[in-house]
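Peer 1: Quick one, fold the following:
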Amino acid sequence: MGRPQRLIELLAALQAHPRTTAEALAGELGVSTRTVLRDVRALVDAGIPVFTERGKYGGISLLPGDQADLSS
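Peer 2: Below you'll find the model as predicted:
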């Protein structure tokens, strides 16, 4: 799977899960945690409002109300 397709799948996964971890996303996408973190950064750089929080109760999520239409 190429990076553009993986970014779309990452965005879809973030929409499906209110809050998740990089490890869970890596397992779902079949890539490393480091790749997920790089891809999250690419989404942020593209203007997608992804929120990350470190720590025991941290995770990755889209900001509330910010959902992209992926049906096109």
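Peer 1: quick one: low-confidence ranges for the protein?
Peer 2: Where the chain drops to pLDDT under 70, the residues are 65-72.
Peer 1: list the contacts for the spatially most central residue of the chain?
Peer 2: In the chain, the centroid-proximal residue (CA atoms, centre = their mean) is L10; its distance is 4.5 Å. Taking CB atoms under 8 Å, 6 or more residues apart in numbering as the contact definition, L10 lies against L25, L29, V36, D39, V40, L43. C-betas here are computed from N, CA, C, even on glycine.
Peer 1: Using just helix, strand and coil, how would you label it?
Peer 2: Look at L10: counting by DSSP: H, G, I helix; E, B strand; the rest coil, its state is helix.
Peer 1: for the helix or strand that contains S61, packing partners?
Peer 2: Assigning secondary structure by DSSP states H and E places S61 in strand 59-62. Contact partners of strand 59-62 among helices and strands, from 3 or more CB pairs under 8 Å, 6 or more residues apart in numbering; DSSP states H and E: helix 3-16, strand 50-53.
Peer 1: would you turn those into CSV with distance to L62?
Peer 2: Converted to CSV, the helices and strands packed on strand 59-62 look like this (distance: least, CB to CB, whole Å):
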stretch, distance to L62
helix 3-16, 5
strand 50-53, 6
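Peer 1: on that earlier part again, for the contacts of L10, which two are the farthest from each other?
Peer 2: L29 and L43 (13.0 Å; CB to CB).
Peer 1: gap between H17 and L37?
Peer 2: 16 Å (CB to CB, to the nearest Å).
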